[in-house]
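Q: what would the 3D arrangement of this be:
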Amino acid sequence: MKKMLQRSGDRGHANHGWLESYHSFSFANYYNPERMQFGTLRVLNDDRVAPGMGFGTHPHRNMEIISIPLQGDLEHKDSMGNTTVIREGDVQVMSAGTGVSHSEYNKNKDREVAFLQIWIVPNKVNVTPRYDQVSLNPEDLKKTWHTILGPEGKHKGLWVYQDTWFHMGDFQGTTSTTYKIREPGNGVYVFLLEGRLRMADETLNRRDALGIWDAETLEFAFEEDSRVLLIEVPMSN
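A: Numbers count the residues shown, from 1 in each chain. Got it, this is the predicted structure:
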């Protein structure tokens, strides 16, 4: 087993007034040669956007873009003609492919919106851009790994052009569980949204992360109520 520990305070940080963002990997003005990506996981930004503010229209190409709201409402508009609002409990996927432009704004004028934006390097390039989203049932996340996204052709729900799996779980109190890696050669990036857990001889607290590869099964020991995002990705594209 090999591992890469990343403490919450080790992330890149940018505060633009209307936007506060923490970067798990090199992004925009944050550059760390030791934090370029984890396998095909290229970006994980932990963003908070002020009321009524947001990202103006901007382009993307050949990237799988996943947005996960943690609180509040995020309005999305894109060049494919989609105008939607994603809320806490929703997951959004956009395959940028040959090129797409979009904007993201805080729908509310009286409260922040917090969301994760994640980029995955695809295994197919120059595909036709596509968009999809789902709403999660909170009950499905309790005490188990709930699959929220999978590879094209291997998952009936949200999918991306890559052999990657996203799981989320809510675990109550002191409990333990395991996770078996689905695809040979994949690694797992464990992002602790809330709580405290012990794994691979490390203790993780809120917003800490641990990347693990060259392993088959992972063991988790939760020390309090915890919510975890688990991202399984190929370590090479």
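
Q: tell me, what residue is most central in the chain?
A: I118 (4.5 Å; C-alpha atoms, centre = their mean).

Q: wait, that one sits on D46?
A: No: using C-beta atoms under 8 Å, I118 makes no contact with D46, being 10.0 Å away. Bear in mind the C-beta positions are built from the backbone N, C-alpha and C, glycine included.

Q: A50 contacts L19, correct?
A: Yes: the pair A50 and L19 passes the contact test of C-beta under 8 Å, sitting 7.2 Å apart.

Q: shouldn't the residue nearest to the centre of the chain be within a strand?
A: Yes: looking at I118 with DSSP: H, G, I helix; E, B strand; the rest coil, it is inside a strand.

Q: got a list of what it touches?
A: L41, V43, L44, N45, I65, I66, S67, I68, I231 (C-beta atoms under 8 Å, 6 or more residues apart in numbering).

Q: for the last one, which non-adjacent residue is closest in space?
A: Nearest in space to I231, with sequence neighbours left out and distances taken as C-beta to C-beta, 6 or more residues apart in numbering, is Y189 at 4.5 Å.

Q: helix or strand for the one you found, which one?
A: Using DSSP states H and E, Y189 falls within strand 186-194.

Q: using PDB, write down the CA coordinates of that strand.
A: Extracted in PDB, the C-alpha atoms of strand 186-194 (Å, rounded to 0.1, in the frame of the first residue of the first chain):
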ATOM      1  CA  ASN A 186      -7.100   2.200  -9.400                       C
ATOM      2  CA  GLY A 187      -6.400   4.300  -6.400                       C
ATOM      3  CA  VAL A 188      -8.800   5.900  -3.900                       C
ATOM      4  CA  TYR A 189      -8.900   9.500  -2.800                       C
ATOM      5  CA  VAL A 190     -10.700   9.700   0.600                       C
ATOM      6  CA  PHE A 191     -12.100  13.300   1.300                       C
ATOM      7  CA  LEU A 192     -13.500  13.600   4.800                       C
ATOM      8  CA  LEU A 193     -16.300  16.200   4.500                       C
ATOM      9  CA  GLU A 194     -17.200  16.100   8.200                       C
END
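
Q: tally up the residues packed near the closest residue to Y161 other than its chain neighbours, please.
A: Nearest residue to Y161, sequence neighbours excluded (C-beta to C-beta, 6+ apart): P122, at 4.0 Å. Neighbours of P122 under the rule other C-beta atoms under 10 Å: 21.

Q: kindly report the same for Y105.
A: By other C-beta under 10 Å, 18 other residues sit near Y105.

Q: likewise for Y179?
A: Residues near Y179, counting by other C-beta under 10 Å: 21.

Q: now it, nearest residue through space, not along the chain?
A: L218 (4.7 Å).

Q: please name the residues that touch that neighbour.
A: T178, Y179, K180, I181, V188, V190, M199, A200, I212.

Q: one more: V134?
A: Counting by C-beta under 8 Å, 6+ apart, V134 has contacts D90, V91, I148, G157, L158.

Q: let me know the pLDDT of the closest residue to the first one other than its chain neighbours.
A: Closest residue to D90 apart from its sequence neighbours, by C-beta to C-beta, 6+ apart: S135 at 5.2 Å. Model confidence at S135, expressed as pLDDT, equals 94.

Q: same thing with G153?
A: Reported pLDDT for G153: 89.

Q: how many neighbours does it have?
A: 6.

Q: skipping its backbone neighbours, what lies nearest it in space?
A: W159 (7.5 Å).

Q: doesn't G150 make contact with the one you found?
A: Yes: assessed by C-beta under 8 Å, W159 is found in contact with G150 at 5.6 Å.

Q: flag every buried residue along stretch 157-177.
A: 158-171, 177 (16 or more other C-beta atoms under 10 Å).

Q: brilliant, that's me finished.
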